[in-house]
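J.: take this sequence and fold it.
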Amino acid sequence: MSPEFAFWLALLLKMAVTAGFVVAASMIAEKVGPAVGAMIATLPIAAAPSYVFLALDHDTAFIARSALGSLSANAVTGIFALIYVILAQRQSLVLSLACALGAWFVLAFALSSVAWTIWSVVAFNAVVFAICIPLVMRYCHVRMPPTMRRWYDMPLRATMVACLVAVVVGTSTQVGPAVTGLLAVFPIVLTSLILIFQPRIGGPATAALIANGMWGLAGFSTALVVLHLAANAFRTWTAYGLSLATSLTWNFIVWSIRRRIARR
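T.: This next block holds a predicted model:
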């Protein structure tokens, strides 16, 4: 497979897969509420295609180092979510999302120069989520209001997300593993959901969707730890399988616990 063909194939596949999952997550959130939609949105539906195609061109050592970069950036995504959730209660879409994305870019690229070890980046994630999760819990219980879907809604969502993916993937070439890992977990799914929902249902309800995803983000960090450790110990595809299974299991457990609490 030539590098040019692999790049365009990866780009098209990631655009299609991510757009499809974002549309599905938004449709599910409309029907069943923010909790389930958030669990789907925080699965590695954008990062997984990137890592699959990275494995075609790089060895397991590169994948393991990229996972460290993704770990630090995913903790910053938790900060991104916290900033958006708080601002969206009263502020406009433009201001809320711009501040959250600005913070993500500044912090993520600043931290990409840090010489992380697995233990230091795990400690960083633990501190970030220990602070962010309690702070967003009060915003999780807003009901999802009914929405009216227009004929152009689905094509517009898919096109918008695909264009965002193209921008992110297009800038990820010719960089090292730290920046590659950072760009692989850019919060494109959460950003897309914010762009889709806030104009239609308002800031507080959209913030509830993002706030409910904070536990899922913590689970994704756990999956990245598994990816890093497994990539050093096993073959790449084994590491990917274990990482994906970790993310799926984590989100299923979180959903099950919330369902039991809601029934009491």
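J.: what separation do you get for R143 and A38?
T.: 14 Å (CB to CB, to the nearest Å). Glycine gets a C-beta too; all of them are placed from N, C-alpha and C.
J.: the more surrounded of those two?
T.: Using other CB atoms under 10 Å, the more surrounded residue of R143 and A38 is A38, with 29 against 11.
J.: so where's the stretch 151-264 of the chain shaky on pLDDT?
T.: 151-154, 156-157, 160-161, 164-181, 262, 264 (pLDDT under 70).
J.: hang on, L111 packs against A73?
T.: Yes: using CB atoms under 8 Å, L111 is in contact with A73, at 7.4 Å.
J.: and those two? Which one has more around it.
T.: Neighbour tally, L111 and A73, criterion other CB under 10 Å: the higher count belongs to A73, 27 against 19.
J.: which ones are touching that one?
T.: Counting by CB atoms under 8 Å, 6 or more residues apart in numbering, A73 makes contact with 108, 111-112, 181-182, 185-186.
J.: what subset of those is buried?
T.: 108, 111-112, 181-182, 185-186 (16 or more other CB atoms under 10 Å).
J.: would you map the helices across the stretch 151-264 of the chain?
T.: Remark: helices assigned in the stretch 151-264 of the chain by DSSP state H, counting those that start in this stretch are 153-170, 177-184, 188-201, 203-212, 214-233, 236-263.
J.: of those helices, flag the one that's most buried.
T.: helix 203-212 (a mean of 26; mean count of other CB atoms under 10 Å).
J.: before we move on, back to that, pull the most distant pair out of the contacts of A73.
T.: Distance extremes for those: the farthest pair is L111 and F186 at 13.7 Å, using CB to CB.
J.: spatially central, which residue of the chain would that be?
T.: Of all residues in the chain, the one closest to the mean position by CA atoms, centre = their mean is P187, 4.6 Å from it.
J.: quick one: contacts for the closest residue to that residue other than its chain neighbours?
T.: In this structure, P187 finds its nearest non-sequential neighbour in T77, 4.7 Å apart by CB to CB, 6 or more residues apart in numbering. T77 makes contacts with 104, 185, 187, 190, 217, as judged by CB under 8 Å, 6+ apart.
J.: now those in JSON lines, with distance to V225?
T.: JSON lines is the format used below for the contacts of T77 (distance: CB to CB, whole Å):
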{"residue": "W104", "distance to V225": "21"}
{"residue": "V185", "distance to V225": "13"}
{"residue": "P187", "distance to V225": "19"}
{"residue": "L190", "distance to V225": "21"}
{"residue": "L217", "distance to V225": "13"}
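J.: pick the one among those residues closest to A205.
T.: Nearest to A205 among those, with distances taken as CB to CB, is L190, at 14.8 Å.
J.: for the closest one, give its distance to L217.
T.: 9 Å.
J.: now the common contact residues for the two.
T.: 77, 81.
J.: quick one, helices of the stretch 1-150 of the chain?
T.: In the stretch 1-150 of the chain, the helices defined using DSSP H, counting those that start in this stretch lie at 3-32, 34-41, 47-57, 60-87, 93-111, 118-136.
J.: for A162, find the nearest of those.
T.: Nearest to A162 among the helices of the stretch 1-150 of the chain is helix 3-32; the distance by CB to CB comes to 4.0 Å.
J.: could you count how many residues lie near the residue nearest to L87 when sequence neighbours are not counted?
T.: Leaving out its chain neighbours, the residue that sits closest to L87 by CB to CB, 6+ apart is S96, at 4.0 Å. By other CB under 10 Å, the residues close to S96 number 23.
J.: check contacts around S96.
T.: Counting by CB under 8 Å, 6+ apart, S96 touches 84, 87-88, 194, 198, 203.
J.: pretty sure C140 contacts N212?
T.: Yes: at 5.1 Å, C140 and N212 qualify as touching, with contact defined as CB under 8 Å.
J.: closest one of the contacts of S96 to V127?
T.: For these, the residue nearest V127 by CB to CB is Y84; the value is 19.7 Å.
J.: give me every residue that touches that closest one.
T.: Contacts of Y84 by CB under 8 Å, 6+ apart are 96-97, 99-100, 190, 194, 207, 210.
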